[in-house]
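Student: Here is a sequence together with a model predicted from it:
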Amino acid sequence: MEAGEVVRRVQVIGKSTYVVSLPKGWARRVGLQQGVPVSISLEPDGSLRILPPTFQRAKKPMIKLSVKEDTSKDSLVRELMARYLAGYKIIEISFPHDAVEYREIVRKIVANKMIGVELLEENEHTIVLQVLVNVEELPVNVVIQRMGQIAGGMISDSMEGLFSSDIKLLRDVVERDDFVDKLHLYLLRQLNASVRGFVGIKEIGLRSLEEAIEYAIAGKSIERAADHAQKIATNAESLIEAHVSIKGLENELDLMTKLAKEVFTNSIRCFTSRDRARALSLLDEYPPKLVEAERRFVGKILEEPCDARRHMIIRLIADSLRRVCDYSMDILEATVDLSLEGFAEA
């Protein structure tokens, strides 16, 4: 039986029982017989989802990954991450004989890229990974908030490290980006798991399946903003190590940093609170401020004697601040889309 729409008329049995017949071809394909129970779920949009026993959600959806002798290390990383992001709870990895390097790669990925994943079992030829984090403990809104808090701190601290010539602080900012990446991957995993039916949308904090798109956009925007905070820290460290002064540009850089942090923080607040009116207001308010801040910065640069190395690196820092603002605008636009359904009903 091919996928497609099937129309059935509603019948009434007795005084209050509504009955709809199931397609015969579908029933045979999934093994339904008389007396077999099916699971009926009421979706947030009012539709019903019918799951036969063979399709009912597994408590621990499992998938296997077979590593061959000619499998490249990069391919192993991609294949493993694909299974993690798809939402599987258990990943069984089989290795060829004497695969020490492959095993080490798996351990590094678990440690650096995955949240709540543990080695459940390990022997000469197999490693079994299990995701132990409960979805109720990290709903998508909490993940977005946590990512925003870390990325916002990275923005402030990267510039503070530059102003105070604190290389230790700058290197700490670079390291914090790894945790933002882990949270972003976990967010994508949650969204994929809901789409594939491994978890219910309410379990991860969504009101409808369509919201997964806006949460994916917001998560990616925060991850990219954190990447630019990391770039600021890296460029700032190169200025300090080269003994290049930023004297004369502190005020403009400070104003741009405060504006970037402000718009970023407000965009996260609007998104997590679904404040559509505030998001629309900020989308009108901030662009002129960003243009003016950048105009002042460029004007100050042009007033100074030409120092190609100094100007190039400082310009990269300013560009990263501007990109943080751009990604914040994307989050505000996602907020408008996220709250559109509720707005229309009001």
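Tutor: Yes, it's here.
Student: avg pLDDT for stretch 240-251?
Tutor: Averaging pLDDT along stretch 240-251 yields 88.
Student: can you dump the C-alpha coordinates of it into CSV?
Tutor: What follows is stretch 240-251, C-alpha atoms only, in CSV (Å, rounded to 0.1, in the frame of the first residue of the first chain):
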residue,chain,number,x,y,z
ILE,A,240,47.9,41.3,22.9
GLU,A,241,50.7,38.8,22.0
ALA,A,242,51.8,41.1,19.2
HIS,A,243,51.8,44.1,21.7
VAL,A,244,49.4,46.0,19.4
SER,A,245,47.5,48.7,21.2
ILE,A,246,43.8,49.6,20.8
LYS,A,247,44.3,53.0,22.3
GLY,A,248,41.9,55.5,20.9
LEU,A,249,39.3,52.9,19.9
GLU,A,250,38.2,51.7,23.3
ASN,A,251,35.1,53.8,23.5
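Student: Which parts of that stretch count as buried, going by neighbours?
Tutor: 240, 246, 249 (16 or more other Cβ atoms under 10 Å). The C-beta positions use only the backbone N, C-alpha and C, and glycine is treated the same way.
Student: From Ala233, how far out is the first one?
Tutor: Shown here: Ile240 relative to Ala233, a distance of 11 Å by Cβ to Cβ, to the nearest Å.
Student: how about the strands of this structure, start to end?
Tutor: Assigned by DSSP state E, the strands in the chain fall at 11-13, 17-19, 39-42, 48-51, 62-66, 90-94, 117-122, 126-131.
Student: what pairs with the second one, and is each one parallel or antiparallel?
Tutor: The one in question is strand 17-19. As defined by DSSP bridges, the strand partners of strand 17-19 come to strand 11-13 (antiparallel).
Student: Spatially, what comes nearest to Val36 if we skip its sequence neighbours?
Tutor: Pro53 (6.5 Å; Cβ to Cβ, 6 or more residues apart in numbering).
Student: got it, and Leu80?
Tutor: Using Cβ to Cβ, 6+ apart, the closest residue to Leu80 is Ile109 (5.9 Å).
Student: I figured that neighbour was touching Met81, is that so?
Tutor: Yes: between Ile109 and Met81 a contact is recorded at 7.1 Å, counting by Cβ atoms under 8 Å.
Student: The residue nearest to Val36 touches Gly35, doesn't it?
Tutor: No: using Cβ under 8 Å, Pro53 is not in contact with Gly35; the gap is 11.7 Å.
Student: what about these two, which has more around it?
Tutor: Pro53 (12 against 5; other Cβ atoms under 10 Å).
Student: List the contacts of that one.
Tutor: Neighbouring residues of Pro53 by Cβ atoms under 8 Å, 6 or more residues apart in numbering: 31, 36-38.
Student: Likewise for Ala212?
Tutor: Ala212 touches 191, 194-195, 201, 206, counting by Cβ under 8 Å, 6+ apart.
Student: Make a markdown table out of these and add neighbour count, pLDDT and distance to Ala293.
Tutor: Formatted as a markdown table, these follow (neighbours: other Cβ atoms under 10 Å; pLDDT from 0 to 100; distance: Cβ to Cβ, whole Å):
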| residue | neighbour count | pLDDT | distance to Ala293 |
| --- | --- | --- | --- |
| Leu191 | 25 | 92 | 34 |
| Ser194 | 24 | 85 | 39 |
| Val195 | 14 | 84 | 40 |
| Ile201 | 21 | 85 | 40 |
| Leu206 | 22 | 90 | 36 |
